Every structure is written in C-alpha cells, then in structure tokens.
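Q: Could you look at this predicted model? Sequence included:
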Amino acid sequence: MARYLADTSIWSWANKRVRPDIATKLLGRLSRESVVTCVPVALELMHRADSSRGYRQLFDDLFEPLEWLATNEAASRRALEVQQALAAVSDGAHRRSPVDFFVAAVAELHEDVVLWAFDDDFRIIADVTGQPVELEAAV
C-alpha cells in the first residue's frame, strides 16, 4: 500500500473551506494511516502557529500520530543533486524552493512513498527523479 508524504500545500488547502475535497481525501488517508511526514514539512507548516499553546496543540493534532521519514545526509545530497541536474538542463529550472528539493528527496528515498502536493515545482522535480508524485489541480 502506498504511503503519501503530504506537502505543506496539502495541509494548507485541507484547512481552507474552498477545497473540502482535499480535506476529505486527507482525512481518508489519515484514517488508513497512509500519510507520513518529515521535518521540513513540519517546519514550514508550524511557523504559522500564533502562540506557544497553539503551536503545541497544532503539532500534537497534526504530526504526533504520523510516521516520520528520516531527513538524513542521503536526502540532503539527493536534493542538491537534483537541483544541480535542473541547473544543467535549463537556465532557471533549478530555481525552486530549497525545501521542495529536500521534501522530494526524502520521499524519493522511500520506494513506497508518493509525494502529494499542489505545487507544480514537484512535477518539475519529479521529471528529473522519476519518483511518484500526485499533484492536486488548482480550481
């Protein structure tokens, strides 16, 4: 069974009333325990908490029950390799968020993990890596 590394964009859109379909999909995957996370996603999402109490509550609610994928040296090196590969083939293609490269590398290092996001930068990265990615369409 596939596991899904939900990018920050998924968590953010699931919280917006304009995309209840994303919230429903996320809840379904959470109930099947098929959502995983990593430190870069948590860091991006958690900077939005407006208080220490809010931070703790949000972290406990969203991330505490999830499996955490390792953010290790191999992921760091792979993120840089992919950025370099994009720079080699196109002027500007490497100009993606550094966090996106790192999140994609973390997912890529796990064969059963699908990177799940809204961000088209992940499609560009996946074109280089060949890793599975599920992109949600903007409405």
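A: Cool, got the structure. Everything numeric here is computed off the predicted structure, so don't read it as measured data. Numbering: from 1, shown residues only.
Q: May I ask you to name the longest helix in this protein?
A: In the chain, with assignment by DSSP state H, the single longest helix is helix 73-89.
Q: For it, buried residues please.
A: Buried residues in helix 73-89, defined by neighbour count with 16 or more other Cβ atoms under 10 Å: A75, R78, A79, V82, Q83, A85, L86. For the C-beta atoms, the positions are set from N, CA and C on the backbone; glycine is no exception.
Q: and the nearest residue to R29 once chain neighbours are set aside, how many neighbours?
A: Distance criterion Cβ to Cβ, 6 or more residues apart in numbering; nearest residue to R29, sequence neighbours excluded, is V35 at 4.9 Å. V35: 22 surrounding residues under other Cβ atoms under 10 Å.
Q: do V114 as well
A: That count, for V114 with other Cβ under 10 Å as the rule, works out to 18.
Q: Likewise for V39?
A: 16.
Q: Low-confidence regions, the protein specifically.
A: 139 (pLDDT under 70).
Q: Helices of that one, start to end?
A: According to DSSP H, the helices that the chain contains are 8-14, 20-31, 39-46, 52-62, 73-89, 98-108, 121-129.
Q: Any chance of these in a markdown table with distance to L115 as columns?
A: Listed next are these as a markdown table, based on distance: least, Cβ to Cβ, whole Å:
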| stretch | distance to L115 |
| --- | --- |
| helix 8-14 | 10 |
| helix 20-31 | 13 |
| helix 39-46 | 11 |
| helix 52-62 | 18 |
| helix 73-89 | 12 |
| helix 98-108 | 4 |
| helix 121-129 | 6 |
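Q: Just name the most buried of those helices.
A: helix 98-108 (a mean of 24; mean count of other Cβ atoms under 10 Å).
Q: looking at it, V41 is touching Y4, isn't it?
A: No. If you go by Cβ atoms under 8 Å, V41 and Y4 don't touch, sitting 11.5 Å apart.
Q: what residues are shared contacts of these two?
A: Residues touching both V41 and Y4 by Cβ atoms under 8 Å, 6 or more residues apart in numbering: none at all.
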